[in-house]
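**Student:** fold the stuff below for me.
(one chain, ligands or ions: 2)
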Amino acid sequence: MQYVSTRGHVKPKGFIDTVLMGLADDGGLMIPEQTPVVSSEQLQAWASLSYEQLFLEIFSLYINDEIPKDELRAMVARSYSSFRNKEVTPLKKVHDSLYILELFHGPTFAFKDVALQFMGEFYSYVSKKQGEIIHILGATSGDTGAAAIQGVRGKEGIKICILHPHQRVSKIQELQMTTVQDDNVLNLAVKGNFDDCQKIIKDLFFDLKFKGKHHLRAINSINFVRILAQTVYYFYAYLQVNQGNDKPQLINFSVPSGNFGNVFSGYLAKKMGLPVNKLIIATNENNILERFVRTGEYKPGDFRSTHSPSMDIQVASNFERYLYYLLNEDAEKVSAYMEQLKSEGKIVITGEDLLKVQSEFVALGATNQQCLDLIAKYKSEHDYLLDPHTACGIAAYEHAHMDGEVTVALATAHPAKFDEAIILCEIEQEFPEEIAKLLDQPQFQTVVELDEAEIVRQLIDFYQ
Ligand SMILES: Cc1ncc(COP(=O)(O)O)c(C=O)c1O
Ligand SMILES: N[C@@H](CCOP(=O)(O)O)C(=O)O
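**Tutor:** Numbers count the residues shown, from 1 in each chain. Ligands and ions are numbered 1, 2, ... in the order given. Coordinates of the predicted model:
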């Protein structure tokens, strides 16, 4: 399996080189040259596998044996040994048509742990085996940063710098990142929003001289391995829902979305042959994706701070990967569209292409009030406490009226991370011990202006 760029100007690369490259050198995103397809017989044969075994089967379709099987198995076992539930991503039945896939049982209580625990192992492996210098640079709206730091803290040969928007993440997210004292961790709190942070890191990754000189590596979902690791739980959920069914059912997934990484993993799983009906894209009031699915116009709007801060994102970086497939893998067309987005501030998809989008996705941008109402409703009707991101997912599911079909709603974070919203619903929750103990710890972070030159100075100082 070789990997190419959505913009067509990167020579095909193997798996490890693709992960190390992160953002494609031509500014695009790396994707597999062909998508491996899993037959229905193969899928059935996977039904009895554990999460870790399923991970190995799916990864073996993509990694060309570049990591010996026994080493990969050990990396996967270590990655998921830190999860509090042995199923890794357990599925809870709400009623016959709705299941909740809990993705928050990892060390930092959000779905990012599923991929980033493995990425920590991966970077450690290439650092030791290949002597690669690993200087991670990432941007976060709160969860990726915490999970990435947890995945590599204290690991030899690795340094990590995370940019987060100052005072725009939840208190627990901030504590998860900034109470880590290991020398290989730097937190820069940027006086801007997540889109600003993401733009800065993308600019730096695209400066190939700077990237090469400082050995920059990506942990955001611009990195294909993040996408791939996230496909595993779509397969796992499908197999769990259909366990023992003679006639396996097509299912819908409702996915709280921001950077479009999680839902793109679902799209990839579907491309690989997973019987998925609709992918429901749930956003908050930063509803660029909803507007895109409804009208075909992809146009970043005004940034809003909401009760689901991790999804306070206007520029969805993985949208480009979807565009590539929508445009029949025509890299020249993708490049032209991305150029247009830069120069005119929007892209418009029309005609057959728009119908195709609408046949694959349903989308809703939940308002702040809808989000809070859903949290209160599920607590009182189902005694289930949703976090505000998951609540947007459930709001989108209810709006889509998928009655009579089976939908799996992805629970992307634990409510304890977002008590600010839970309190507004007049609900008191008990914090898990791992979260409660963060509250009285000292914090380490450097607050910086939204100034790329200043951020670069901080990075050079840290990486040397
Ligand atoms: C809790 C939570 N839910 C949903 C999302 C959105 O996921 P994605 O960016 O993959 O669309 C994020 C952040 O990305 C998140 O942290
Ligand atoms: N919500 C994310 C934003 C970054 O997304 P990523 O999937 O590209 O890492 C976060 O919590 O940081």
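**Student:** near ligand 2, which residues of the stretch 101-250 of the chain show up?
**Tutor:** 140-145, 220-221 (Cβ under 6 Å from any ligand atom). C-beta here means a position set from N, CA and C on the backbone, and glycine is covered the same way.
**Student:** may I ask which of the residues you listed has the most neighbours?
**Tutor:** Counting neighbours by other Cβ atoms under 10 Å, Gly145 leads these with 31 neighbours.
**Student:** list the contacts of that residue.
**Tutor:** With contact set as Cβ atoms under 8 Å, 6 or more residues apart in numbering, Gly145 has these partners: 138-139, 162-164, 173, 177, 187.
**Student:** ok so it is a strand residue?
**Tutor:** No: the assignment for Gly145 (DSSP: H, G, I helix; E, B strand; the rest coil) gives helix, which keeps it out of a strand.
**Student:** element containing the closest residue to Phe224 other than its chain neighbours, please.
**Tutor:** Nearest residue to Phe224, sequence neighbours excluded (Cβ to Cβ, 6 or more residues apart in numbering): Met30, at 4.8 Å. Assignment of secondary structure by DSSP states H and E places Met30 within strand 30-32.
**Student:** can you give me the distance of Glu83 to Cys425?
**Tutor:** Careful, residue 83 is Phe and not Glu. 28 Å (Cβ to Cβ, to the nearest Å).
**Student:** which one's more surrounded, those two?
**Tutor:** Neighbour tally, Phe83 and Cys425, criterion other Cβ under 10 Å: the higher count belongs to Cys425, 23 against 19.
**Student:** now do the more buried one, the pLDDT please.
**Tutor:** Looking at Cys425, its pLDDT reads 98.
**Student:** list the contacts of it.
**Tutor:** Cys425 touches 372, 375-376, 379, counting by Cβ under 8 Å, 6+ apart.
**Student:** could you pick out which of these are near ligand 1?
**Tutor:** Okay, of those, nothing touches ligand 1 (Cβ under 6 Å from any ligand atom).
**Student:** now whichever residue of the stretch 1-150 of the chain sits closest to ligand 1: how far from Thr18?
**Tutor:** Nearest residue of the stretch 1-150 of the chain to ligand 1: Asp143, at 3.3 Å (Cβ to the nearest ligand atom). Noted for Asp143: a distance of 24 Å to Thr18, by Cβ to Cβ.
**Student:** the residue of the stretch 1-150 of the chain closest to ligand 1 is in contact with Ile172, isn't it?
**Tutor:** No: in this structure, Asp143 is not within contact of Ile172 by Cβ atoms under 8 Å, at 10.4 Å.
**Student:** tell me, what's touching these two both at once?
**Tutor:** Lys417.
**Student:** residues contacting Ile162?
**Tutor:** Here Ile162 is in contact with 138-140, 144-145, 148-149, 177, 185-188 (Cβ under 8 Å, 6+ apart).
**Student:** rewinding a little: contacts for the strand holding Met30, please.
**Tutor:** Here strand 30-32 has contacts from 1-6, 10, 13, 18, 21, 24, 62, 223-224, 321, 324, using Cβ under 8 Å, 6+ apart.
**Student:** ok, and for it, which residues are buried?
**Tutor:** For strand 30-32, a neighbour-count test (16 or more other Cβ atoms under 10 Å) marks 30-32 as buried.
**Student:** and the gap between Arg7 and Arg321?
**Tutor:** For Arg7, the distance to Arg321 - Cβ to Cβ - is 11 Å.
**Student:** who's more crowded, the two?
**Tutor:** Neighbour totals were compared for Arg7 and Arg321, and Arg321 leads with 24 against 21 (other Cβ under 10 Å).
**Student:** got the contact list for the more buried one?
**Tutor:** Going by Cβ under 8 Å, 6+ apart, the list of residues near Arg321 reads 6, 29, 31, 227, 260, 264.
**Student:** where does it fall, secondary structure wise?
**Tutor:** Per DSSP H and E: helix 319-326 holds Arg321.
**Student:** say whether ligand 1 is contacted by that helix.
**Tutor:** No: shown here: helix 319-326 not in contact with ligand 1 (Cβ under 6 Å from any ligand atom), separated by at least 9.9 Å.
**Student:** which residues are contacting the helix or strand following that helix?
**Tutor:** Next along the chain after helix 319-326, taking DSSP H and E as the criterion, comes helix 331-344. The contact list for helix 331-344, computed with Cβ under 8 Å, 6+ apart, reads 4-9, 27-28, 298, 320, 323-324, 327, 346-347.
**Student:** helix 331-344: which residues count as buried?
**Tutor:** Within helix 331-344, the residues that count as buried by 16+ other Cβ under 10 Å are 331, 334-335, 337-338, 341.
**Student:** now stretch 234-248
**Tutor:** 234-242, 248.
**Student:** now swap in stretch 175-191 and tell me
**Tutor:** 175-180, 184-190.
**Student:** how about stretch 400-414?
**Tutor:** Here stretch 400-414 shows 400, 402, 406-414 as buried, counting by 16+ other Cβ under 10 Å.
**Student:** over to stretch 50-63?
**Tutor:** Going by neighbour count (16+ other Cβ under 10 Å), the buried part of stretch 50-63 is 51-52, 54-56, 58-59, 61-63.
**Student:** do stretch 36-48 as well
**Tutor:** 38, 43, 46.
**Student:** so which of these sit within helices?
**Tutor:** Leu43 (DSSP state H).
**Student:** would JSON lines of the buried residues of stretch 36-48 with pLDDT and distance to ligand 2 be doable?
**Tutor:** Below are the buried residues of stretch 36-48 laid out as JSON lines (pLDDT from 0 to 100; distance: Cβ to the nearest ligand atom, whole Å):
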{"residue": "Val38", "pLDDT": "98", "distance to ligand 2": "24"}
{"residue": "Leu43", "pLDDT": "96", "distance to ligand 2": "26"}
{"residue": "Trp46", "pLDDT": "97", "distance to ligand 2": "26"}
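**Student:** quick check, nearest of the buried residues of stretch 36-48 to Met311?
**Tutor:** Distance ranking of the buried residues of stretch 36-48 against Met311, using Cβ to Cβ, places Val38 first at 29.9 Å.
**Student:** tell me the contacts of that closest one?
**Tutor:** Val38 touches 46, 61, 272-274, counting by Cβ under 8 Å, 6+ apart.
**Student:** most widely separated two among those residues?
**Tutor:** So, those by Cβ to Cβ: farthest apart are Leu61 and Leu274, at 12.7 Å.
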